[in-house]
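Chemist: Okay, here's the prediction I keep looking at, along with the sequence it came from:
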Amino acid sequence: MADKFWTQADVDNPADLKTEFDRIIDGYAGFDGAGQILVLRTLSSSFCVCYDRVQGSSSDCKYCKGESYTWTETYHRAYFTQTFGRGITGIRQQSVLESPGYMDEGKALVYMKVSAAPKAGDKIFRVRLNDAGSLYYPIERIEKWKITAVEDKRYDRARLAYYICLCEREEA
């Protein structure tokens, strides 16, 4: 007789996709987790004091660092990937296959937990990590990515489970 795929316990207590995603990123029961620490720069709707409607913002501004807007930064564990063999032109087209060995080095996908609440226009910084996945101090930013699109992934009763961010490289 074949084993049952579902048990009564599975039916009575269905998996919570948000909890499972958070466990994949953060780790659980001896698994260290697949996430890495990233910096999320969330832009506000307020212009920086250096912003001029004609000339824009100053790239050497000590407040906004050329972003034109004020911002806050937070640390988040997330899954960062640049996919081999797939063209990333938009989140809806992420499954388009390219020729073998193709990699668009200027685009990436970042899977983020609900607590991050990213939005298009925000920035993500990859930071230098040691072999154990911990931050070096002082923090060294090694790549800057602009979020161009955010897709929210939902599950049971349309509850939010996680975000997928399509990013384009701004600085190496």
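Modeler: Done, it's in. Residues are numbered from 1 along each chain as shown.
Chemist: separation between Glu20 and Lys153?
Modeler: Glu20 sits 12 Å away from Lys153, taking Cβ to Cβ, to the nearest Å as the criterion. From N, CA and C alone the C-beta is placed, and that goes for glycine too.
Chemist: Show me where the protein has its helices.
Modeler: 8-12, 17-26 (DSSP state H).
Chemist: Not counting residues beside it along the chain, what's closest to the spatially most central residue of the chain?
Modeler: Centroid check for the chain by Cα atoms, centre = their mean gives Val110 as the closest residue, at 3.2 Å. In space, and not counting its chain neighbours, Val110 is closest to Cys165: 4.4 Å by Cβ to Cβ, 6 or more residues apart in numbering.
Chemist: That neighbour reaches Asp152, doesn't it?
Modeler: No: when contacts are counted by Cβ atoms under 8 Å, Cys165 is not listed as touching Asp152 (10.4 Å).
Chemist: okay, those two: which has more neighbours?
Modeler: More crowded of Cys165 and Asp152, by other Cβ atoms under 10 Å: Cys165, with 26 against 13.
Chemist: what sits against that one?
Modeler: Applying Cβ atoms under 8 Å, 6 or more residues apart in numbering to Cys165 gives the contacts 109-112, 118, 124, 147, 149-150.
Chemist: Please check those and keep the buried ones.
Modeler: Neighbour-count burial (16 or more other Cβ atoms under 10 Å) applied to the contacts of Cys165 gives 109-112, 118, 124, 147, 150.
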